[in-house]
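> Return atomic coordinates for the entry below.
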Amino acid sequence: MRLAGKRCERDTYKLAFKVKQVIVLRSDIKMSPGKAAAQASHAAVSSAEEARRNYPSWWREWIESGQCKIVLKVNSESEILELMRKAKELNLPAALISDMGLTELEPGTITALGIGPAPSNLIDKITGSLPLY
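All right, here's what the predicted structure looks like:
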């Protein structure tokens, strides 16, 4: 992604973006590419809305700087739940997504987590070691 000469990639976002959003998807469940994109979208919108309501200055800076998003993965439900716990412990806007079960997954399957928008240095404390999706 490029906006106003800034790049939003894992290696360059630290210099260009002070506020970002991270989407975490579970890699241990079978989701088609479309399903994974939909779940990531739910996580992005839901956590952004939480930030808009509760952390408006972070949300505004994120909107004005190009809405940097990084998509990462975990290998289990327990890992994603632990990330959610840590996000809440740091008082970060976060949204845990569970599927309605209308297409590919069982109802209630936890699929994704959105964290932020929030300061990159705070999000990195939780997700900095995770691999890209």
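> show me where this protein has strands.
Taking DSSP state E as the criterion, the chain carries its strands at 2-3, 6-7, 19-26, 69-74, 94-98, 110-119.
> Mind putting these into CSV with distance to Lys86, mean neighbour count and mean pLDDT?
(Glycine included, C-beta is placed from N, CA and C.) CSV is the format used below for the strands of the chain (distance: least, CB to CB, whole Å; neighbours: other CB atoms under 10 Å; pLDDT from 0 to 100):
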stretch, distance to Lys86, mean neighbour count, mean pLDDT
strand 2-3, 29, 12, 43
strand 6-7, 27, 15, 50
strand 19-26, 11, 26, 98
strand 69-74, 12, 20, 98
strand 94-98, 9, 21, 98
strand 110-119, 9, 27, 98
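> Pipe those into a markdown table and attach distance to Met84 per row.
Below are the strands of the chain laid out as a markdown table (distance: least, CB to CB, whole Å):
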| stretch | distance to Met84 |
| --- | --- |
| strand 2-3 | 29 |
| strand 6-7 | 29 |
| strand 19-26 | 9 |
| strand 69-74 | 11 |
| strand 94-98 | 5 |
| strand 110-119 | 6 |
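> Of all those, which one is nearest Trp62?
Nearest to Trp62 among these is strand 110-119 (3.5 Å), distances taken as CB to CB.
> Only the C-alpha atoms, please, for that closest one, written as PDB.
Output of strand 110-119 as PDB, limited to C-alpha atoms (Å, rounded to 0.1, in the frame of the first residue of the first chain):
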ATOM      1  CA  ILE A 110     -12.900 -18.100  16.600                       C
ATOM      2  CA  THR A 111     -11.200 -17.100  13.400                       C
ATOM      3  CA  ALA A 112      -9.600 -13.700  13.800                       C
ATOM      4  CA  LEU A 113      -8.500 -10.900  16.100                       C
ATOM      5  CA  GLY A 114      -8.100  -7.200  15.300                       C
ATOM      6  CA  ILE A 115      -5.900  -5.100  17.400                       C
ATOM      7  CA  GLY A 116      -5.800  -1.300  17.000                       C
ATOM      8  CA  PRO A 117      -5.500   1.100  15.500                       C
ATOM      9  CA  ALA A 118      -3.000   1.900  18.300                       C
ATOM     10  CA  PRO A 119       0.600   3.000  18.700                       C
END
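> Noted, bye for now.
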